[in-house]
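Visitor: okay, here's the prediction I keep looking at, along with the sequence it came from:
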Amino acid sequence: MIRAVLDGKPVGFLQSPGIAHETKSSFRFTVNGPGVLFDDVRIWQAR
């Protein structure tokens, strides 16, 4: 499961069998429109 948090508050989640696949080695953001700016992104494995 992926959980999105903004300013310490949960704002969304996604659950899919492909997310925890044992050979998954990369993560990418996909956006619509001309572009987006991400700042201070942190990704870690849930316990």
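Guide: The structure has been received and is ready for your questions.

Visitor: show me how far stretch 8-24 is from its chain's centre.
Guide: Centre-to-centre, stretch 8-24 and its host chain are 7 Å apart (Cα atoms, centre = their mean, to the nearest Å).

Visitor: end-to-end on that stretch?
Guide: With Cα to Cα, to the nearest Å applied, stretch 8-24 spans 27 Å between its terminal residues.

Visitor: for stretch 11-21, same thing?
Guide: Start and end residues of stretch 11-21 are separated by 24 Å (Cα to Cα).

Visitor: neighbouring contacts of that stretch?
Guide: Stretch 11-21 is touched from outside by Met1, Ile2, Arg3, Ala4, Val5, Lys24, with contacts defined as Cβ atoms under 8 Å, 6 or more residues apart in numbering. C-betas here are computed from N, CA, C, even on glycine.

Visitor: which residue, neighbours along the chain excluded, lies closest to the fifth one?
Guide: Which is Val5. If you skip the residues right next to it in sequence, Val5 has Val11 as its closest partner in space, 6.6 Å away by Cβ to Cβ, 6 or more residues apart in numbering.

Visitor: ok, the one you found - how many residues close by?
Guide: When counting by other Cβ atoms under 10 Å, one arrives at 9 neighbours for Val11.

Visitor: in what helix or strand does it lie?
Guide: In this assignment (DSSP states H and E), Val11 forms part of strand 9-14.

Visitor: where along the protein do the strands fall?
Guide: 2-6, 9-14 (DSSP state E).

Visitor: the lowest-mean-pLDDT helix or strand in the chain pairs with which strands, and in what direction?
Guide: None of the helices or strands of the chain scores lower by mean pLDDT, DSSP states H and E than strand 2-6, at a mean of 85. Here strand 2-6 is paired, per DSSP bridges, with strand 9-14 (antiparallel).

Visitor: what residues of the partner strand count as buried?
Guide: Applying a neighbour-count criterion of 16 or more other Cβ atoms under 10 Å, strand 9-14 contains no buried positions.
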